[in-house]
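Visitor: Quick one: sequence plus predicted model below, questions after.
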Amino acid sequence: MFVRIISYLREMKAKTDPSPEPTKSELEILQVLWEHGPSTVRFVNDTLNEEKRAVQYTSTLKLMQIMVDKKLLTRDASQMKHIYIPAETEQATKHHLLSRFVDTMYKGSASSLLMQLVGNQKTSKKELDAIKELVKKLDKK
């Protein structure tokens, strides 16, 4: 009986816990998988070495195993070479991370974030025009 209660509590905690936020290194792996699709550790490691920085295969393997445990990735072990797949889409992950960032840094105010971005960067006329068009479209909704 006690074991069933513990199991139930763990299950409920897993359902209510928000998905874990990926670290910088985990995001690099996710970006490779989003761009190239389901892949092996070897492919991800080779791509990181070409595009980012020198990374040891064993480090990439261990990190991807941790990402499976964190439910950031799923693993298809039906073949000799294991294939890793992102658990969430790129858009869903970006939405989650951006929402968390805006909530934490700008007290939930997207306009404060936008003002900060436009004020701190050298925003081109083309970019400003695109922002204006986006605001017009949002006003029509």
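Guide: Now that the structure is in, tell me what you want to look at.
Visitor: Secondary structure class of the residue minimising distance to the centre of the chain, three-state.
Guide: Taking C-alpha atoms, centre = their mean as the criterion, residue 93 is the residue nearest the geometric centre of the chain, at 4.1 Å. Here residue 93 is recorded as helix under DSSP: H, G, I helix; E, B strand; the rest coil.
Visitor: Got the confidence number for it?
Guide: Model confidence at residue 93, expressed as pLDDT, equals 93.
Visitor: I'd assumed residue 30 was in contact with it.
Guide: Yes: between residue 93 and residue 30 there is a contact at 6.7 Å, judged by C-beta atoms under 8 Å. All C-beta atoms are positioned from the backbone trio N, CA, C, and that covers glycine.
Visitor: Find residues that contact each of the two.
Guide: 22, 86 (C-beta atoms under 8 Å, 6 or more residues apart in numbering).
Visitor: Please report how far residue 70 lies from residue 63.
Guide: To residue 63, residue 70 is 10 Å away according to C-beta to C-beta, to the nearest Å.
Visitor: let me redo that: residue 91
Guide: Distance check for residue 91 against residue 63: by C-beta to C-beta, it reads 23 Å.
Visitor: contacting residues around the residue nearest to the centre of the chain?
Guide: 22, 30, 86.
Visitor: and what of residue 39?
Guide: 32, 33, 47, 83, 84.
Visitor: could you redo the last one with a cut-off of 6 Å?
Guide: The neighbours of residue 39, taking C-beta atoms under 6 Å, 6 or more residues apart in numbering as the test, are residue 33.
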